[in-house]
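Asks: Sequence and predicted model, in that order:
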Amino acid sequence: MQAKSCDIFCSVVDNYGDIGVCWRLARQLANEHGLQVRLWVDDLRSFGKLCPELDVELDIQICRGVEIRHWVSVLPAVEPAALVIGAFACDIPKPYVEAMALRQPKSVWLNLEYLSAEDWVEGCHQLPSPHPTLPLSKYFFFPGFTAKTGGLLLEHDLLVRREAFQSDASAQAEYWHSLGVPQRVDGELRVSLFGYENEAMEALLTAWEHGSHLVTCLLPEGRALPQVATFFGASTASAGDEWQRGNLRVFVLPFVEQEQYDLLLWACDVNFVRGEDSCVRAQWAAKPFIWQIYPQHDGVHLEKLEALRRLYTAGLPEETAQTVQKMWLSWNGGQGVATVWRDFAAQRMVLAKHGAGWAQRLSQNSLALNLLDFLRRTE
Ligand code: TRH
């Protein structure tokens, strides 16, 4: 039987989240579900950061079982796929959309939306939007955290691999060795720090410096790096740099290939994450995490932050839930990060246990399976 075809369109707006989600989805549909996937991306350089084997000069290439197309303004005339996914409301070229309507059977057209834990998502998931002139509907597909949403991206064996890694001390030791980071000492806390510029950064680093335990901070190269470098009085900084002040030491890591980033999240005790995709990966890692949400001008991001916080902390003791709330708020433009950090770190065992159950519950709702189910029902 001929494999079902799928076109994913990704326009890179900012950072790595858009391509991060699309690349993950493309690999999963191709490698776990046998679809013939073409991924159209307008910015191959950003993509190349997550997938170093990509040749950014090529307009067409196959990578990890996915056909990657450089999406330039005029699309070549191609047969549209059975399943067409426009990521994050990107504009799919008009001639291609017209061809989708003519296809027999017509293409099933989804707009993959940004992730949000807000209540309204359940009501909007899978709603159709009829095309104004063509006999074709676009459906809104909302990822999410509850059973009535489209679920989350999760590779079929991820939780098993994570558990194996987290219960294997020598695999972890080997991992730290591969990064050139010293092995753990008693009482030390390992923290990964992936974020944007942050007003609370200096206060947090100072709290770590003067804390009672050694904090080893693993910092991927990127937007948070200049602030951390300034804290240590360094005028330039890059992967491989190491700094220490008091009880804080920092190792600057290269931005690694997407699958390798999971290992960092699995190996650390606490993870600072941002945006969308790294936030989900931190939840699969089942370690306490602090989310720096992608900021929006009108402050609506704080409602999204609180929506996930509410869902995630349900079932935790009130004191722990409040600590998570204060920690997330202080890291997203609020105050008092130094004090809250001490409380947060003290609760980390409770949070780690909770995180494992939370990941297990979320894993019941797979975005890729939901997409395929929708395709079967709609075709
Ligand atoms: O890069 P981001 O800030 O992306 C953001 C968000 O997606 C936001 O919702 C969106 O509106 C905005 O872009 C335009 O954060 P995010 O979503 O966590 O994406 C980062 C990706 O980078 C993720 O797929 C993990 C990956 N990554 C690596 O591959 N290697 C690394 O070393 C690190 C640190 C991350």
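Replies: Looks like it came in fine.
Asks: Can you classify the closest residue in space to residue 343 that isn't next to it in sequence by secondary structure?
Replies: Leaving aside its sequence neighbours, residue 343 sits nearest to residue 323 (Cβ to Cβ, 6 or more residues apart in numbering; 4.6 Å). C-betas here are computed from N, CA, C, even on glycine. Classification of residue 323 by DSSP: H, G, I helix; E, B strand; the rest coil places it in helix.
Asks: Contacts only, for residue 323.
Replies: If you count contacts by Cβ atoms under 8 Å, 6 or more residues apart in numbering, residue 323 has them with 340, 343, 344, 347.
Asks: quick check, nearest of those residues to residue 101?
Replies: Comparing these against residue 101 with Cβ to Cβ places residue 344 closest, at 52.3 Å.
Asks: can I assume that closest one is in contact with residue 321?
Replies: No. Using Cβ atoms under 8 Å, residue 344 makes no contact with residue 321, being 11.7 Å away.
Asks: returning to that earlier point: most neighbours, which of the contacts of residue 323?
Replies: Using other Cβ atoms under 10 Å as the neighbour test, the contacts of residue 323 are led by residue 340, with 25 neighbours.
Asks: Just to be sure, that residue is in a strand?
Replies: No. Assignment of residue 340 by three-state DSSP gives helix, placing it outside any strand.
Asks: just checking, which of the contacts of residue 323 belong to helices?
Replies: Secondary structure defined by DSSP state H assigns 340, 343, 344 of those to helices.
Asks: By proximity to the ligand, which residue of the chain wins?
Replies: At 1.7 Å from the ligand, residue 17 is the closest residue in the chain, using Cβ to the nearest ligand atom.
Asks: wait, doesn't residue 51 sit right on residue 258?
Replies: Yes. Taking contacts as Cβ under 8 Å, residue 51 lies within contact range of residue 258: 6.7 Å.
Asks: so what sits against both of the two?
Replies: Here residue 51 and residue 258 share the contacting residues residue 23, scored by Cβ under 8 Å, 6+ apart.
Asks: Ramachandran angles for the residue of the chain closest to the ligand?
Replies: Here is the backbone geometry of residue 17 (degrees, to the nearest 10): phi -70, psi -40.
Asks: Roughly how far does it sit from residue 118?
Replies: Plainly put, residue 17 is 18 Å away from residue 118 if you go by Cβ to Cβ, to the nearest Å.
Asks: between these two, which one's more packed in?
Replies: Per other Cβ under 10 Å, whichever of residue 17 and residue 118 has more neighbours is residue 17, with 20 against 17.
Asks: wait, that one sits on residue 294?
Replies: Yes. Using Cβ under 8 Å, residue 17 is in contact with residue 294, at 7.2 Å.
Asks: anything in contact with each of these two?
Replies: With Cβ under 8 Å, 6+ apart as the test, residue 17 and residue 294 both reach 275, 276.
Asks: SS state for residue 156?
Replies: Going by three-state DSSP: residue 156 is coil.
Asks: Number of residues surrounding it?
Replies: Residue 156, neighbours per other Cβ under 10 Å, totals 14.
Asks: what's the pLDDT at it?
Replies: Confidence at residue 156, expressed as pLDDT, is 97.
Asks: surely it meets residue 31?
Replies: No. Using Cβ under 8 Å, residue 156 makes no contact with residue 31, being 9.7 Å away.
Asks: This structure against the ligand: which residues are in contact?
Replies: Listed as neighbours of the ligand in the chain under the rule Cβ under 6 Å from any ligand atom: 13-18, 20, 50, 114, 194, 220, 255-256, 258, 261, 274-278, 294.
Asks: Please produce a PyMOL select command covering the buried subset of those residues.
Replies: Remark: buried members of those, expressed as a PyMOL selection using 16 or more other Cβ atoms under 10 Å:
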select buried, resi 15+16+17+18+20+50+114+194+220+255+256+258+261+274+275+276+277+278
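Asks: roughly how far apart are the residue nearest to residue 343 and residue 336?
Replies: Taking Cβ to Cβ, one finds residue 323 at 12 Å from residue 336.
Asks: got it, and residue 249?
Replies: Counting by Cβ to Cβ - residue 249 and residue 336 are separated by 24 Å.
Asks: Looking at these two, which is more packed in?
Replies: Taking other Cβ under 10 Å, residue 249 and residue 336 do not tie; residue 249 has more neighbours (18 against 13).
Asks: Does that one belong to a helix, a strand or coil?
Replies: strand.
Asks: Report the beta-bridge partners for the closest residue in space to it that isn't next to it in sequence.
Replies: Of all residues not flanking residue 249 in the chain, residue 216 sits nearest, at 5.6 Å (Cβ to Cβ, 6+ apart). Using DSSP bridges, the bridge partners assigned to residue 216 are residue 190, residue 249.
Asks: wouldn't residue 216 be in contact with residue 190 here?
Replies: Yes. With contact defined as Cβ under 8 Å, residue 216 counts as touching residue 190 (5.0 Å).
Asks: which residues are in contact with both of those two?
Replies: Residues touching both residue 216 and residue 190 (Cβ under 8 Å, 6+ apart): residue 184.
Asks: re the thing from before, look up the pLDDT of the residue nearest to residue 343 for me, please.
Replies: For residue 323, pLDDT reads 98.
Asks: same question, the one 3 residues further on
Replies: Confidence per residue is given as pLDDT, and for residue 326 that number is 98.
Asks: Show me which residues of the strand or helix carrying it are buried.
Replies: Assigned by DSSP states H and E, residue 326 belongs to helix 318-330. Using 16+ other Cβ under 10 Å as the burial criterion, the residues of helix 318-330 that qualify are 320, 321, 323, 324, 325, 326, 327, 328, 329, 330.
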